[in-house]
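>>> Okay, structure incoming, though there's no sequence with it:
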């Protein structure tokens, strides 16, 4: 699949549309539009400390029907660390590429083996 239409969506805290998304909003948007999978919005979070943010991500994954996978496939969620905390997600597109967005930027497609991402990826999770 071609995911170019998702590149350039501006970052927006708790954003859940093409007008602006945070990392979870972007994953949620693509999984809904491309894979027909509806995920909870999780848009009621508050800006928090690193520890709290990691706890929220972990709790969020537990609320979903997901399984950790060793070999990612297109549409799997990549869980990543930012400054040591599990607080970032992206969507594995296949071919070693991940679609994601970070505060102060726009959504991008980046290689999972890039210097910026390779040490941050904790694992991949498939929505059942």
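Nice, I can see it. Since the structure is predicted, the reported quantities are computational estimates derived from the model, not experimental observations.
>>> what's the average pLDDT for stretch 121-128?
For stretch 121-128, mean pLDDT rounds to 94.
>>> That one: how far from the chain's middle?
How far stretch 121-128 lies from its chain's middle: 10 Å, per CA atoms, centre = their mean, to the nearest Å.
>>> List of residues touching the lengthiest strand in the chain?
If you go by DSSP state E, the chain has its longest strand at strand 85-94. Contact with strand 85-94 is made by 1, 3, 23-24, 26-27, 30-31, 50-51, 53-54, 57-58, 72-82, 98-100, 102, 109, 112, 117, 120, 122, 124, as judged by CB atoms under 8 Å, 6 or more residues apart in numbering. The C-beta positions use only the backbone N, C-alpha and C, and glycine is treated the same way.
>>> Just the buried residues of the residues you listed.
For the contacts of strand 85-94, a burial check counting by 16 or more other CB atoms under 10 Å picks out 3, 23-24, 26-27, 30-31, 53-54, 57, 72, 75-80, 98-100, 102, 109, 112, 117, 120, 124.
>>> mind listing what the longest strand of the chain pairs with, with the direction of each?
strand 77-82 (antiparallel), strand 97-100 (antiparallel) (DSSP bridges).
>>> Out of those, the one nearest residue 19 is which?
The closest of the strands paired with strand 85-94 to residue 19 is strand 97-100. By CB to CB, the value is 17.1 Å.
>>> Mind checking what helix or strand follows that closest one in sequence?
strand 108-111 (DSSP states H and E).
>>> centre of the chain versus that following strand, how much separation?
Worked out by CA atoms, centre = their mean, strand 108-111 lies 12 Å from the chain centre.
>>> And that strand, what's buried?
108, 109.
>>> And that strand, what does it pack against?
Counting contacts by 3 or more CB pairs under 8 Å, 6 or more residues apart in numbering; DSSP states H and E, strand 108-111 is packed against strand 97-100, helix 115-118.
>>> hmm, try it at 6 Å
strand 97-100 (3 or more CB pairs under 6 Å, 6 or more residues apart in numbering; DSSP states H and E).
>>> now the angle between strand 85-94 and the helix or strand where residue 27 lies, please.
In the assignment (DSSP H and E), residue 27 maps to helix 23-35. Relative orientation of helix 23-35 versus strand 85-94 (axes from the mean of the first three to the mean of the last three CA atoms, to 10 degrees): 20 degrees.
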